[in-house]
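Trainee: From the sequence below, what's the structure:
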Amino acid sequence: MFVSRDREKLLNAIIYFLRETNHCHTLKLFKLLNFADFEHFRQTGRSITGLDYRALPKGPVPTKLFEEIKQGGAKDLKDAIHVIQVKDDITDELLRRDLKARQQFEKKWFTPRELKILARIAELFRDLPSEDMTKFSHENKKPWATVYNNGKGRGHLIPPDLIFDAAPLMSEVPNIDPEDLKYRKEMLRDIA
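Mentor: I've put the predicted structure just below:
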């Protein structure tokens, strides 16, 4: 019987990025998760967290996670992170949601490959604010840019297969073999 550990991986990936990077609010977190998931997909044909991402104006957004955060989160998410709403002092308009880890990272949920990817993403973007990451994620050939297409694809699902047309974040690790990817997709379809 197949048991998904996507939720445990998601919560711990969030904790990892909150502890290992600076300036982390929802926008930066979503970019970090997207880079990690798509890089893992490029290497193995499967994401780390199981999240789906949609092309929104500021970048790839895991809309189910975003909605959960906006609603206050399930108990496990509330236990894992603290969400701080930052509002404009004059207009009281919500500017962003800063995030702080409440728990320690548990690496037991991850494979060595997944841990290497998380570490590489954190290393690359540790001190960058989300605005600087936006320049990187919005480059041509990146999956978000391909789908968003100057607003024509706003809200559309970003297929992870598009990562094969983009430059890898970890160029020393090859892409998954196309035949292996096809086989894995068929196996996952049979399980679901």
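Trainee: tell me the centre residue of the chain?
Mentor: With distances taken as Cα atoms, centre = their mean, the residue of the chain nearest its centroid is Leu33 (1.8 Å).
Trainee: That one touches Leu51, doesn't it?
Mentor: Yes: counting by Cβ atoms under 8 Å, Leu33 does reach Leu51; the two are 6.5 Å apart. All C-beta atoms are positioned from the backbone trio N, CA, C, and that covers glycine.
Trainee: Give the residues shared as contacts by these two.
Mentor: Leu10, Pro62, Leu65 (Cβ atoms under 8 Å, 6 or more residues apart in numbering).
Trainee: What is the least confident helix or strand in the protein?
Mentor: The weakest-scoring helix or strand in the chain, judged by mean pLDDT, DSSP states H and E, is helix 178-191 (a mean of 72).
Trainee: Show me which positions of that one end up buried.
Mentor: Within helix 178-191, the residues scored as buried using 16 or more other Cβ atoms under 10 Å are Leu181.
Trainee: any idea which element the nearest residue to Ala74 once chain neighbours are set aside lies in?
Mentor: Nearest residue to Ala74, sequence neighbours excluded (Cβ to Cβ, 6 or more residues apart in numbering): Glu68, at 6.5 Å. Secondary structure from DSSP states H and E places Glu68 in helix 63-70.
Trainee: quick one: contacts of that helix?
Mentor: With contacts defined as Cβ under 8 Å, 6+ apart, helix 63-70 is touched by Leu10, Thr26, Phe30, Leu33, Leu51, Asp52, Tyr53, Arg54, Ala74, Leu77, Val83, Arg97.
Trainee: Can you flag the buried ones in the residues you listed?
Mentor: The buried subset of those - by 16+ other Cβ under 10 Å - is Leu10, Thr26, Phe30, Leu33, Leu51, Asp52, Tyr53, Arg54, Leu77, Val83, Arg97.
Trainee: Can you pick out the most distant pair from these?
Mentor: Spatial extent of the buried ones among the contacts of helix 63-70 (Cβ to Cβ) is set by the pair Asp52 and Val83 at 21.3 Å.
Trainee: Tally up the residues packed near the residue lying closest to Asn22 once chain neighbours are set aside, please.
Mentor: By the measure of Cβ to Cβ, 6+ apart, the closest residue to Asn22 outside its immediate chain neighbours is Asp127, 5.3 Å from it. A total of 8 residues lie near Asp127 under the criterion other Cβ atoms under 10 Å.
Trainee: Give me the distance between Asp127 and Thr63.
Mentor: According to Cβ to Cβ, to the nearest Å, Asp127 and Thr63 sit 27 Å apart.
Trainee: same question, Glu8
Mentor: Here Glu8 is placed at a distance of 21 Å from Thr63 (Cβ to Cβ).
Trainee: again, but for Asn12
Mentor: Going from Asn12 to Thr63 by Cβ to Cβ gives 21 Å.
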